[in-house]
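Enquirer: sequence unavailable; structure follows:
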């Protein structure tokens, strides 16, 4: 019971942090461009607490599943009297509105990078791309891979860090894959390298059967490794999104707040000690933050990506889309998105039993 309460508190904190960072991105860029803001809210639904700031209202709402920055002229055609002196969003140049829209998702990605810096800096060593040892019963060394090979490309994907290697083997290693290595100063192509397979929740993955060397930490390689680990997380998110839509993973791969809460609970349960728990939670936060940023950039009305699409069309046409059409399209997709959220919620709840 106590662990469940801790997991719930951690989950609410994580979602609150990610939502705050996302909305703060929109807020700070909007303010920088002089756009009037009516309310900055964390959470959705009924208001739990509301207070007036120097420039706008701030609020905390009941459900930590979202948030918003209500800018003047963004949602309501009629501007409240107390805010009529402020500059509406639609009076700013389209390129400024584009920057305001993308600022939220970019803040989520920036947060993932900062978390990665902390994770790499707290480790004993910084990973490399060089094969250091093969696991007992390994398969890949029977297909030409050798110790001291520096892996630079796997199935056409350029390799920047160890996470790139492990993900490509996990994702593509269900079939023979091509690996390019640097050996004795020369590039060597290893064709049709095979790996053992493992199944998780009915999905087959390739199994990485070797470990890479580590190197001593410096400020430079910590920053570089964190950058590429964050980049690898972005790549994994996009690639997994494609695999979900193409049917490899299916809807079971999609999780909402309940599913994330269950994952947080599993991390806390399986981690040994505070340091390992924080490390595992850090990885989870980085992945969720990137996923939130990427998901919001999808060109779907009601998401940031949908608004971005409308602005790009406006920039090309040199005039905005008719608000009636935009509102009608957004209303349809709002219903679809709410339906999907409800379905995922039910799926996640069913998975608890």
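Expert: It's in. Predicted model only: the values in this text are computed from it and were never measured. Numbering: from 1, shown residues only.
Enquirer: which strands or helices does the helix or strand harbouring residue 284 pack on?
Expert: Using DSSP states H and E, residue 284 sits in helix 274-296. On a contact count with 3 or more C-beta pairs under 8 Å, 6 or more residues apart in numbering; DSSP states H and E, helix 274-296 meets helix 2-32, helix 94-122, helix 219-245, helix 257-270. C-beta: built from backbone N, CA, C; applies to glycine.
Enquirer: ok, now with 10 Å
Expert: Helices and strands touching helix 274-296, by 3 or more C-beta pairs under 10 Å, 6 or more residues apart in numbering; DSSP states H and E, are helix 2-32, helix 94-122, helix 219-245, helix 257-270, helix 304-317.
Enquirer: the second one: which residues count as buried?
Expert: By neighbour count, with 16 or more other C-beta atoms under 10 Å as the criterion, the buried positions of helix 94-122 are 94, 96-113, 115-117, 119-120.
Enquirer: try the longest one
Expert: Taking 16+ other C-beta under 10 Å as the basis for neighbour counts, the residues of helix 2-32 that come out buried are 7, 10-11, 14-15, 17-27, 29-31.
Enquirer: what of stretch 52-59?
Expert: 56-57, 59.
Enquirer: now, those that are in strands?
Expert: With DSSP state E as the criterion, strands contain 57, 59 from among the buried residues of stretch 52-59.
Enquirer: so who does the residue at minimal distance from the centre of the chain touch?
Expert: Centroid-nearest residue in the chain, with C-alpha atoms, centre = their mean: residue 290, separated by 1.6 Å. Counting by C-beta atoms under 10 Å, 6 or more residues apart in numbering, residue 290 makes contact with 105, 108-109, 111-113, 115-116, 230-238.
Enquirer: now do residue 306
Expert: By C-beta under 10 Å, 6+ apart, the residues touching residue 306 are 101, 296-300, 326, 329-330, 333, 337.
Enquirer: could I get these as CSV with distance to residue 209 and secondary structure?
Expert: Formatted as CSV, the contacts of residue 306 follow (distance: C-beta to C-beta, whole Å; DSSP: H, G, I helix; E, B strand; the rest coil):
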residue, distance to residue 209, secondary structure
101, 44, helix
296, 37, helix
297, 35, coil
298, 35, coil
299, 39, coil
300, 40, coil
326, 52, helix
329, 49, helix
330, 49, helix
333, 44, helix
337, 41, helix
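Enquirer: out of those residues, who's nearest residue 46?
Expert: Checking those against residue 46 with C-beta to C-beta, the nearest one is residue 337 at 20.5 Å.
Enquirer: ok, and the closest non-adjacent residue to the closest one?
Expert: Excluding its sequence neighbours, the residue lying closest to residue 337 (C-beta to C-beta, 6 or more residues apart in numbering) is residue 302, at 5.9 Å.
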